[in-house]
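> I need the structure of the sequence given here:
(chains A and B)
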Amino acid sequence: AKTTQPISMDSYEGQEVNITCSHNNIATNDYITWYQQFPSQGPRFIIQGYKTKVTNEVASLFIPADRKSSTLSLPRVSLSDTAVYYCLVGGTYRDDKIIFGKGTRLHILP
Amino acid sequence: KAGVTQTPRYLIKTRGQQVTLSCSPISGHRSVSWYQQTPGQGLQFLFEYFSETQRNKGNFPGRFSGRQFSNSRSEMNVSTLELGDSALYLCASSLVPGDSRNQPQHFGDGTRLSIL
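Have a look, this model is predicted:
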């Protein structure tokens, strides 16, 4: 399934940031996975979910019942959360090759 | 548990040369994938190996090749280097006991390859 995310977002320290990803053609067996990437580093796995809500120590993932979109929620962001965030769907393959989109460039301001 | 290790971190080569990059996956992970990342094209899938066999290959020329050893460590090779091969090359490993497409991937910090 193809994913669509905002290209960039700005927020301020201490705010909650929500990044939404659209995936209209998600398949029944597909999970939704989010990665975070800092410059000159590899992407880092943040969170993965299938439906409803998943929470871990760094983020929450909200998935509505139709699963056609998902929202990554970062509570009380800091400057160190400035990074690119990628949304992947298990079916984000073309001919069985995993496809990363352009991601969302999140810029946290002081 | 140690993460994915890629060596070297930085490499400078000239056009026409060849290069070999190395990746050691997380212990117990049997799938290794390689990606090329450039500012213009973003993250692009190169190939994936599992049990020493290439499972999938991206749309890259034959100059890009790889292999996986019995201990799951992997290498990728680029021959006849071109200026456009300058990029961050990332390796990722994952467990592949079931549906591999839903397995989170764990990335190394990459090898920065510069072609002069």
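
> OK, now which residue of chain A is nearest to chain B?
In chain A, no residue comes nearer to chain B than residue A:42, which is 3.0 Å away by CB to the nearest CB. Where C-beta positions appear, they are placed from N, C-alpha and C, glycine not excepted.

> run through the residues that contact that residue.
When contacts are counted by CB atoms under 8 Å, 6 or more residues apart in numbering or on different chains, residue A:42 touches B:4, B:90, B:91, B:92, B:107, B:108, B:109, B:110.

> and it, helix, strand or coil?
Residue A:42 carries the three-state label coil when classified by DSSP: H, G, I helix; E, B strand; the rest coil.

> again, but for residue B:84
For residue B:84, the secondary-structure state derived from three-state DSSP is helix.

> count of residues packed around it?
The number of residues packed near residue B:84 is 10, by other CB atoms under 10 Å in any protein chain shown.

> show me what the closest residue to chain A within chain B bridges to in the sheet.
Taking CB to the nearest CB as the measure, chain B has residue B:107 as its residue closest to chain A, at 3.0 Å. Each beta-bridge partner of residue B:107 is listed here, defined by DSSP bridges: residue B:92.

> tell me if I'm right that it and residue B:90 touch.
Yes. Here residue B:107 reaches residue B:90: they are 5.5 Å apart, a contact under CB atoms under 8 Å.

> tell me which of the two has more neighbours.
With other CB under 10 Å as the criterion, residue B:107 and residue B:90 differ in neighbour count, and residue B:90 comes out ahead with 26 against 22.

> what's that one in contact with, if anything?
The contact partners of residue B:90, taken as CB under 8 Å, 6+ apart, are A:42, A:43, B:6, B:34, B:35, B:36, B:37, B:43, B:107, B:108, B:110.
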